[in-house]
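Colleague: please find the sequence and the predicted model below.
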2 protein chains.
Amino acid sequence: MKETARQIFLAAVRAVEPSVAVRRSVRREGGLLAVAGRTYDLARYRGVTVVGAGKAGAPMAAALEEILGDRLLGGLVTVKYEHTQPLRTVRLQEAGHPLPDENGLRGAAAVRDAVRSLGESDLVFAVLSGGGSALLPLPADGLALADKQETTRLLLACGADIHEINTVRKHLSAIKGGLLARLAAPATLITLALSDVVGDRLDAIASGPTVPDETTFAEAGGILSKYELTPRLPAAVVRRILDGLAGRCPETPKPGDPAFEKTQNVVVGSNRLAIQAAAREAERLGYRPLILSSSIEGESREIARAHAAMAREIRESGHPIPPPACLLSGGETTVTLSGPGRGGRNQEFALAAAIDLAGLPQTLMLSGGTDGTDGPTDAAGAFADGSTVERAAAQGLDARAFLRRNDSYSFFASLGDLLLTGPTRTNVMDVRLVLVGRP
Amino acid sequence: MKETARQIFLAAVRAVEPSVAVRRSVRREGGLLAVAGRTYDLARYRGVTVVGAGKAGAPMAAALEEILGDRLLGGLVTVKYEHTQPLRTVRLQEAGHPLPDENGLRGAAAVRDAVRSLGESDLVFAVLSGGGSALLPLPADGLALADKQETTRLLLACGADIHEINTVRKHLSAIKGGLLARLAAPATLITLALSDVVGDRLDAIASGPTVPDETTFAEAGGILSKYELTPRLPAAVVRRILDGLAGRCPETPKPGDPAFEKTQNVVVGSNRLAIQAAAREAERLGYRPLILSSSIEGESREIARAHAAMAREIRESGHPIPPPACLLSGGETTVTLSGPGRGGRNQEFALAAAIDLAGLPQTLMLSGGTDGTDGPTDAAGAFADGSTVERAAAQGLDARAFLRRNDSYSFFASLGDLLLTGPTRTNVMDVRLVLVGRP
């Protein structure tokens, strides 16, 4: 059953492998390029340029190189250090992640220069994936990278939510919040996004450089005042927001802006696509699949309990589906740390699930990060079944005590129940599955 | 949609109304009594006695009076104050709940005396429901009620879990942990239980007076020593446990004990039955029902997020079922209090759900306690939909701030979105439903 679960998980990851994802959405038939329902006549364009940023940038660019062949003029994609691979035409810029660095600045400036030199007869792809925001830092005129970083730090410290932080940041950038699209106009711009965010909102992936920005300088100003940040922020940041409020620097482009006249946005890979692939694999392996949701957030150990309760119900009453059943869910949970242990959200999920599954026959859960890394560990996640707690007890390990210490990695390492995949070079958050076999 | 949700919820409650529940499981055809698959020839018995305890005791006894007519000899059921109703043959003893009192002691002693006077030719029903444990207090010889209460208080204070607390308590009782069955033998004993516990474990309902007890004096002693309680416990309690360990007082009856030779246990009402009835009502009203689980526990606001994520998924991808859909779940969540507000687990569930549902069209959630009371409020629960947060904001109410203060009652009272049913006189924990209409 463990092997079955692993196979289903790996099918999910394979479906969102960056080059597989790009190839699913972009197909070439002779001189025509079919992209998610739209067709582009390549003969109409001088050529194609590829820009972008994100950890999956290299394989995404490689797939486009292969598809476009000699129609590809060149381009530049910023990727995380050690996330490169040999390419023929597109240049890769390695840069810092999660903390942006000088190389990131250099890459972002080069991306800006590349797209603003394009004209009406150019076609440009922007390939965006997880990490794209940090990898594509381009402060607005008059701001330094350090100013933006200090602003983020202060916003986090005062408890601003992610939407508030992004509202401010987009108004300090020269490339995010739709500005890359404005730079690229009048070229035709196709964005291919590999989504690592819940809900697949394009304005959240890499801070939405190619989509309309619904937030305003007025809102950004309101956030600074709400948290009384103006006395503590770098002077240049306050000046920038005040200039924006006074209309002295342009707003980010809004829906309907001419910047978006010739744009198409495609989510080529997402948690939902991964889970749908997992469902097909589960079915192939003889399990009835049921997709619960691709966007489950919340505290890991509590969400795990809800999954365990469904596993019990399948066993006891055949709801929501009778065994052999495979429940699937995705999204990204969080862990509120209270102990000094090692682990990650997926391993903690499995540990909490194990406690509630104790004694249940023919029932197994797996939770794993599709990027192959769960928290600061070398595991992607872990397996839990009805025997986990008992097998641990036989080794003198108390599951509840390990959960209290947030020490899920040590727990599953001792049991040999870690999910180890190595880095997968993609990321669409987490995939969890509950297998319930025939009694 | 709100009215539809209310109807589905009320259908769930109706299905576990105590007299409905008893009548579903106990049918009389002339001289034969059919009880959940077994048949009893009433002619073989001198007559029938009814004993029991629990908040639903009165209507359960009333249903048996009606079914058994003049074959009923009498009996005694302990109920909470103000939970009586006129009966013909069975006597009701009102008593304290959740804190046991002298009336409870009196009732429990009378129940003991009633059953131990019975013989081979007697048939006795034990009707058990929520609150039964507190309402049927009978300390073992040499112990006072205050000794048991002090023991419970100390166990709670040191962080013992409910299983540990019950293990100790069953070994301080003269009637729990299967001892009522031992007292009733050689009479034939049928237990009808209305379950208010997750998993419907009969040893947990009213502390299992009529079912085998798997716990031992040795375990009870281990728990006292684990928490180093012996120096602080009443001397009589320590003596009782030591006597038990030394074999000087009998163990509670274990599986296979002769006490259970002529017993039948039937869960006549449960969360699962309520939810199944809700599913039928949802279907009648044009929604595709899907039962997730009848045993979901965990932190209310986190479990709510998982439900909201499923609502979103239905809307966006038609999983786990396409709209019009009705997801159903049951169990009992908990709230970790961090603020001074008023509310209950169901209202807090609805408030957290509302935040995640914001903006979603044609989507409504309802969470309610089947007993009609949620926390220390006069509401059973609350409704949340995609407009809740916005309607609140229009009144100057910030949903997140109310959630932080655990002030869900005030929030929903202002919106007119409380679920108000009044006391329902039954309790099978909570019922939650997610309605997603056609787009």
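Modeller: Done, it's in. Numbering: from 1, shown residues only, chains lettered A, B, ... in the order given.

Colleague: report the central residue of chain A.
Modeller: The centroid of chain A falls nearest to A:D196 when counting by Cα atoms, centre = their mean (1.4 Å).

Colleague: so which bits of chain A are right by chain B?
Modeller: Contacts of chain A with chain B, taken as Cβ under 8 Å from any Cβ of the partner chain, map to A:199, A:272, A:290-299, A:302-303, A:305-306, A:309-310, A:312-313, A:316-317, A:319-320, A:331. Backbone N, C-alpha and C define where each C-beta goes, glycine included.

Colleague: mind doing that once more with 6 Å?
Modeller: A:290-293, A:295-299, A:302-303, A:305-306, A:309-310, A:312-313, A:319-320 (Cβ under 6 Å from any Cβ of the partner chain).

Colleague: may I see the PyMOL selection of the buried members of those residues?
Modeller: Selection of the buried residues among those in PyMOL, burial being defined by 16 or more other Cβ atoms under 10 Å in any protein chain shown:
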select buried, chain A and resi 290+291+292+293+295+296+297+298+299+302+303+305+306+309+310+312+313+319+320
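
Colleague: give me the nearest residue to A:A308, chain neighbours excluded.
Modeller: A:D356 (3.5 Å; Cβ to Cβ, 6 or more residues apart in numbering or on different chains).

Colleague: ugh, wrong one, A:R27
Modeller: A:R27's closest residue in space is A:A34 (Cβ to Cβ, 6+ apart), at 4.7 Å.

Colleague: mind saving the C-alpha coords of the lengthiest helix in chain A as PDB?
Modeller: Longest helix of chain A, by residue count under DSSP state H: helix A:300-317. Extracted C-alpha coordinates of helix A:300-317, given in PDB (Å, rounded to 0.1, in the frame of the first residue of the first chain):
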ATOM      1  CA  SER A 300      -1.400  20.900   9.700                       C
ATOM      2  CA  ARG A 301      -2.300  18.800  12.700                       C
ATOM      3  CA  GLU A 302      -5.900  19.900  12.600                       C
ATOM      4  CA  ILE A 303      -6.400  19.400   8.900                       C
ATOM      5  CA  ALA A 304      -4.800  16.000   9.400                       C
ATOM      6  CA  ARG A 305      -7.500  15.100  11.900                       C
ATOM      7  CA  ALA A 306     -10.300  15.900   9.400                       C
ATOM      8  CA  HIS A 307      -8.600  13.600   6.800                       C
ATOM      9  CA  ALA A 308      -8.300  10.800   9.400                       C
ATOM     10  CA  ALA A 309     -12.000  11.200  10.300                       C
ATOM     11  CA  MET A 310     -12.900  10.700   6.600                       C
ATOM     12  CA  ALA A 311     -10.700   7.600   6.500                       C
ATOM     13  CA  ARG A 312     -12.500   6.200   9.500                       C
ATOM     14  CA  GLU A 313     -15.900   7.000   7.900                       C
ATOM     15  CA  ILE A 314     -14.900   5.200   4.700                       C
ATOM     16  CA  ARG A 315     -14.000   2.100   6.800                       C
ATOM     17  CA  GLU A 316     -17.200   2.300   8.900                       C
ATOM     18  CA  SER A 317     -19.900   3.400   6.600                       C
END
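
Colleague: got a list of contacts for the helix or strand that it is followed by?
Modeller: Using DSSP states H and E, the next helix or strand after helix A:300-317 towards the C-terminus is strand A:325-331. For strand A:325-331, contacts defined as Cβ atoms under 6 Å, 6 or more residues apart in numbering or on different chains pick out A:198, A:271, A:275, A:278-279, A:282, A:287-297, A:310, A:314, A:429, A:431-436.

Colleague: just the ones of those residues in helices?
Modeller: Short answer: those in helices (DSSP H) are A:N271, A:I275, A:A278, A:A279, A:A282, A:M310, A:I314.

Colleague: the residue nearest to the centre of chain A and A:G132 touch, don't they?
Modeller: No - with contact defined as Cβ atoms under 6 Å, A:D196 does not reach A:G132; the gap is 9.0 Å.

Colleague: if I pick A:R38, what's in contact with it?
Modeller: A:Q264.

Colleague: ignore the last one, A:L73
Modeller: Contacts of A:L73 by Cβ under 6 Å, 6+ apart are A:G47, A:T49.

Colleague: mind checking the end-to-end distance for stretch A:266-274?
Modeller: One end of stretch A:266-274 sits 16 Å from the other (Cα to Cα, to the nearest Å).

Colleague: and the longest helix of chain A with helix B:300-317, angle?
Modeller: With axes from the mean of the first three to the mean of the last three Cα atoms, to 10 degrees as the basis, helix A:300-317 and helix B:300-317 are set at 70 degrees to each other.

Colleague: which other helices and strands does helix A:300-317 contact?
Modeller: Applying 3 or more Cβ pairs under 6 Å, 6 or more residues apart in numbering or on different chains; DSSP states H and E, one finds that helix A:300-317 contacts helix A:345-357, strand A:430-436, strand B:288-296, helix B:300-317.

Colleague: among these, which comes closest to B:I223?
Modeller: helix A:345-357 (18.7 Å; Cβ to Cβ).

Colleague: pull out the buried positions in that closest one.
Modeller: A:345-357.

Colleague: who touches it?
Modeller: Under Cβ under 6 Å, 6+ apart, the answer for helix A:345-357 is A:300-301, A:304-305, A:308, A:333, A:335, A:363, A:365, A:367-369, A:374, A:381-382, A:384, A:386, A:388-389, A:399, A:403, A:408-409, A:411-412, A:430.

Colleague: could you chop chain A up by domain?
Modeller: Taking automatic domain parsing as the domain assignment, the record places the domains of chain A at A:17-138+A:173-215+A:252-269, A:272-436.

Colleague: can you give me the end-to-end distance of the longest one?
Modeller: If I follow you right, that is domain A:17-138+A:173-215+A:252-269. 8 Å.

Colleague: which residue of chain A lies farthest from its centroid?
Modeller: Most remote from the centre of chain A, using Cα atoms, centre = their mean: A:A394, at 38.9 Å.

Colleague: got phi/psi on it?
Modeller: phi -60, psi -20 (degrees, to the nearest 10).
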